[in-house]
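*Asks:* Take a look and give me a structure for this.
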Amino acid sequence: MEEDGATTHGTLLGGRVAFEQPAAGYRAAIDPVLLAAAVVPEQGAALELGAGTGAASLCLAWRCPALSIVALELAASPAALARRNVAANGFGGRVEVVEADVARLPPGLAARFDAVFMNPPFAPAGSSSPSPLVARRRAHVEGEDAGLEAWVEAARRALRPRARLAMVHRAERLPAILALLAPAFGDIEVVPLWPAAGQPARRVVVRARRGARGGAALSPGLALHEAGGAFTAAAQAVLRDGTSLDDAIAGARACGPAAPDA
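*Replies:* Model prediction:
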């Protein structure tokens, strides 16, 4: 089933970024905003794989004005919306939307980027009942020829040596992600995203360097919600103020309870 083309107009980052997206089908939530906050470095050139309507690229462009961004999207309809969003925010000189398949990365994008960031479909192909809405199905379930391995390989091909990858994914897919990264990536960092303090992480940010030799580390994470359901101050700093993930986590730790006296 195809969507009817109706859209809604809203904002990201507490009103700092205008954002148009489909009224039905896949709609951006907090994952692309968290992904944008996880990207380093903050200058040079970055590539988003599977950009959809551009939420992550738009947030990154707002936070990092010295960064040029290519937003790669397979489907024509979300790519057209992404271009409208880029223009609406005045990012046309820095953000380019390219229609292409992750599994068939255009040669002109190879070994070009200082950062690649991506929010791949969470579910392996055939693992769940597919949504009848095409856009939602593409966003949530891997394609037969574009599974997680293809996404990691596309990132490897696009990155310069020692350049950085960032992705948001389900914590349950972490073993597969680490196995796929191991041959070509090192300095792997796993950042838990806890629904609330004391709860198991359902999402993780995974960052790594192409060609680095360092191993994997579990870094301080981010609790998204207070016990009552409101966003934590650290999560609000990312989602509403456009703060980087590292700065938000560091701020949360600095404001935490003091260590007990010895």
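*Asks:* any idea how far residue 168 is from residue 193?
*Replies:* For residue 193, the distance to residue 168 (C-beta to C-beta, to the nearest Å) stands at 8 Å. For every residue, glycine as well, the C-beta is placed using N, CA and C.
*Asks:* so what sits against both of those two?
*Replies:* 34, 203, 204, 205 (C-beta atoms under 8 Å, 6 or more residues apart in numbering).
*Asks:* now, which of the residues you listed lie within strands?
*Replies:* Within the shared contacts of residue 193 and residue 168, residues falling in strands by DSSP state E are 203, 204, 205.
*Asks:* bridging residues for the last one?
*Replies:* On DSSP bridges, the residues paired with residue 205 through beta bridges are residue 168, residue 191.
*Asks:* From what I see, it and residue 35 are in contact.
*Replies:* Yes: using C-beta atoms under 8 Å, residue 205 is in contact with residue 35, at 7.5 Å.
*Asks:* what do these two both touch?
*Replies:* 166, 167, 168.
*Asks:* which one of these has the most neighbours?
*Replies:* When neighbours are counted by other C-beta atoms under 10 Å, residue 166 leads those with 28 neighbours.
*Asks:* before we move on, what SS does it have?
*Replies:* strand (DSSP: H, G, I helix; E, B strand; the rest coil).
*Asks:* Does it touch residue 209 like I think?
*Replies:* No: counting by C-beta under 8 Å, residue 166 does not reach residue 209; the two are 10.8 Å apart.
*Asks:* quick one: low-confidence parts of the stretch 51-200 of the chain?
*Replies:* Residue ranges of the stretch 51-200 of the chain with pLDDT under 70: 125-145.
*Asks:* What ranges does it have for its helices?
*Replies:* 55-63, 76-88, 134-140, 148-158, 174-181 (DSSP state H, counting those that start in this stretch).
*Asks:* which stretch among those comes nearest residue 247?
*Replies:* For residue 247, the closest of the helices of the stretch 51-200 of the chain is helix 55-63, at 10.2 Å, according to C-beta to C-beta.
*Asks:* Can you give me every residue that contacts the closest residue to residue 189 other than its chain neighbours?
*Replies:* Using C-beta to C-beta, 6 or more residues apart in numbering and skipping the chain neighbours, the partner closest in space to residue 189 is residue 207 (4.5 Å). Taking C-beta under 8 Å, 6+ apart, we find residue 207 in contact with 38, 40, 164, 165, 166, 167, 188, 189, 191.
*Asks:* Now do the SS call for residue 207.
*Replies:* strand.
*Asks:* State the distance from it to residue 186.
*Replies:* 11 Å.
*Asks:* related to what we said a few turns ago, any chance of a markdown table for the shared contacts of residue 193 and residue 168, columns pLDDT and distance to residue 77?
*Replies:* As requested, the shared contacts of residue 193 and residue 168 are exported to a markdown table (pLDDT from 0 to 100; distance: C-beta to C-beta, whole Å):
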| residue | pLDDT | distance to residue 77 |
| --- | --- | --- |
| 34 | 98 | 24 |
| 203 | 98 | 26 |
| 204 | 98 | 30 |
| 205 | 98 | 28 |
